[in-house]
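1. structure here, sequence nowhere to be found:
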């Protein structure tokens, strides 16, 4: 067995006004309060900087939606990086932390997917997706005062992202059977537990109750930990996420969020696996009922183009897209029958 080092965060802090704990957290990294701090944030999260106003000196980098690179010449000189923001902001912070070996404090301002609390890094080179597994953030701070202001779409996205992992588990077994490797049963159990817990609390999460948000946060953290334990993103990502990345590559705008698209990708994946994909359709019906969401649809041509591209996106993966020929016509008919297509 290859050596696999597992690094969990030193602290995970969740609660109302949790951001106020930042001073105590920083004391662990900068006892004399003189070393440099780098903060990555975004246009949506800058208002939360006032909650960390006790930090007197820091370099600030703002990540915009179209930001692809950030000039960071002096980052080697800092003692800690703080990522305060949404997915792309945290992703940039994780990447710099990984490349420079600098501790990261992750402070997500949304719970739209588990990338905010996992060791995965996503980036593009010449338009092509690249994936890295680094380490979990050294500290994770999730302030419920901030998260409670998330839009319903952001909460639905995080919830659907968790539920789409029903397909990732099926694909993971294909991957390890293909390459004759053992997989971490404990990591899979963590993901399954996250899925089951979210399923039991669908109504509370859709109603944006505090207990529901707490459940979703714990499920997202659980999946992040599962990725760290397994040393692979495939425990949480399979064909359903390839479908999302393909759609994101061909469409600038679509009417569903990250998690919802992954959940449709999970229907496609489970159909190709020959498994009970009706279960996911029933879950979508429940979500529509609990959340008053009227539409759960994608454009037909976008689906066709995404299905053509998805199997080519990650040469290192082995999903159901790799094993079987994707009959796009039959998939379109299934999605039509269950009103997934505009």
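-> Noted; the coordinates are in hand. Because the structure is predicted, anything quoted here is derived from the model rather than measured. Numbers count the residues shown, from 1 in each chain.
2. drop to CA atoms for contacts and neighbour counts, all remaining ones
-> OK.
3. remind me which residues of the stretch 51-200 of the chain are low pLDDT?
-> Counting by pLDDT under 70, the stretch 51-200 of the chain shows low-confidence ranges at 53-54, 56, 65-74, 76, 180.
4. for it, which segments count as helices?
-> Taking DSSP state H, counting those that start in this stretch, the helices of the stretch 51-200 of the chain run over residues 87-100, 144-147, 152-163, 165-178, 185-200.
5. buried deepest among those helices, which one?
-> helix 152-163 (a mean of 25; mean count of other Cα atoms under 10 Å).
6. distance of residue 182 relative to residue 7?
-> 20 Å (Cα to Cα, to the nearest Å).
7. those two - which one has more neighbours?
-> The residue with more neighbours, out of residue 182 and residue 7, is residue 7; 15 against 10, by other Cα atoms under 10 Å.
8. now the strands for the stretch 1-150 of the chain?
-> For the stretch 1-150 of the chain, the strands defined by DSSP state E, counting those that start in this stretch occupy 11-15, 36-42, 59-63, 78-85, 104-108, 120-125, 128-133, 139-143.
9. would you mind finding the most buried of the ones you listed?
-> Most buried of those by mean neighbour count (mean count of other Cα under 10 Å) is strand 104-108; its value is a mean of 27.
10. how far off centre is that one?
-> Chain-centre distance of strand 104-108: 14 Å, with Cα atoms, centre = their mean, to the nearest Å.
11. so what are the sheet partners of that strand and their directions?
-> strand 78-85 (parallel), strand 139-143 (parallel) (DSSP bridges).
12. could you point out the longest helix in this protein?
-> Ranked by number of residues, the top helix in the chain under DSSP state H is helix 210-230.
13. quick one, helices of the stretch 201-342 of the chain?
-> Using DSSP H, counting those that start in this stretch, helices in the stretch 201-342 of the chain cover 202-206, 210-230, 239-250, 258-273, 278-291, 300-309, 320-323, 328-337.
14. most packed of those?
-> helix 258-273 (a mean of 24).
15. counting contacts, what elements does that helix pack onto?
-> If contacts are counted by 3 or more Cα pairs under 8 Å, 6 or more residues apart in numbering; DSSP states H and E, helix 258-273 sits against helix 152-163, helix 165-178, helix 239-250, helix 278-291, helix 320-323.
16. before we move on, the earlier item: now the weakest link among the helices of the stretch 201-342 of the chain, please, by mean pLDDT.
-> Lowest mean pLDDT of the helices of the stretch 201-342 of the chain: helix 278-291, a mean of 84.
17. helices or strands next to that one in the packing?
-> Contacts defined by 3+ Cα pairs under 8 Å, 6+ apart place helix 278-291 against helix 202-206, helix 258-273.
18. and the first one, what other elements does it pack with?
-> What it means is helix 202-206. Looks like helix 202-206 contacts helix 152-163, helix 210-230, helix 278-291 (3+ Cα pairs under 8 Å, 6+ apart).
19. for residue 33, give me the pLDDT.
-> 61.
20. what does the one 10 residues further on give?
-> pLDDT for residue 43: 85.
21. ok, so what distance separates residue 16 from residue 146?
-> 8 Å.
22. circling back: how about JSON lines for the strands paired with strand 104-108, with distance to residue 194 added?
-> Listed next are the strands paired with strand 104-108 as JSON lines, based on distance: least, Cα to Cα, whole Å:
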{"stretch": "strand 78-85", "distance to residue 194": "24"}
{"stretch": "strand 139-143", "distance to residue 194": "18"}
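23. who touches stretch 211-230?
-> Stretch 211-230 has contacts (Cα atoms under 8 Å, 6 or more residues apart in numbering) with 6-8, 111, 113-115, 117-119, 135-136, 148, 158-159, 162, 183-184, 186-188, 190-191, 193-195, 197-198, 201-202, 204-206, 233-236.
24. one more time with 6 Å, if that's ok
-> Contact with stretch 211-230 is made by 114, 117, 118, 184, 187, 190, 191, 194, 204, 205, 233, as judged by Cα atoms under 6 Å, 6 or more residues apart in numbering.
25. how is this protein divided into domains?
-> Structural domains assigned to the chain are 11-147, 152-337, following automatic domain parsing.
26. re the thing from before, for residue 311, find the nearest of the strands paired with strand 104-108.
-> Taking Cα to Cα, strand 78-85 is the member of the strands paired with strand 104-108 nearest to residue 311, at 31.2 Å.
27. the closest one to helix 87-100, inter-axis angle?
-> Interaxial angle, strand 78-85 versus helix 87-100 (axes from the mean of the first three to the mean of the last three Cα atoms, to 10 degrees): 160 degrees.
28. which residues touch strand 78-85?
-> Contacts for strand 78-85 (Cα under 6 Å, 6+ apart): 36-42, 45, 90, 93, 102-109.
29. ditto for stretch 190-204
-> With contact meaning Cα under 6 Å, 6+ apart, stretch 190-204 is reached by 162, 163, 212, 219, 223, 226, 290.
30. try it again at 8 Å.
-> With Cα under 8 Å, 6+ apart as the test, stretch 190-204 has contacts from 159, 162-163, 165-166, 205, 211-213, 215-216, 218-220, 222-223, 226, 235-236, 286-287, 290-291.
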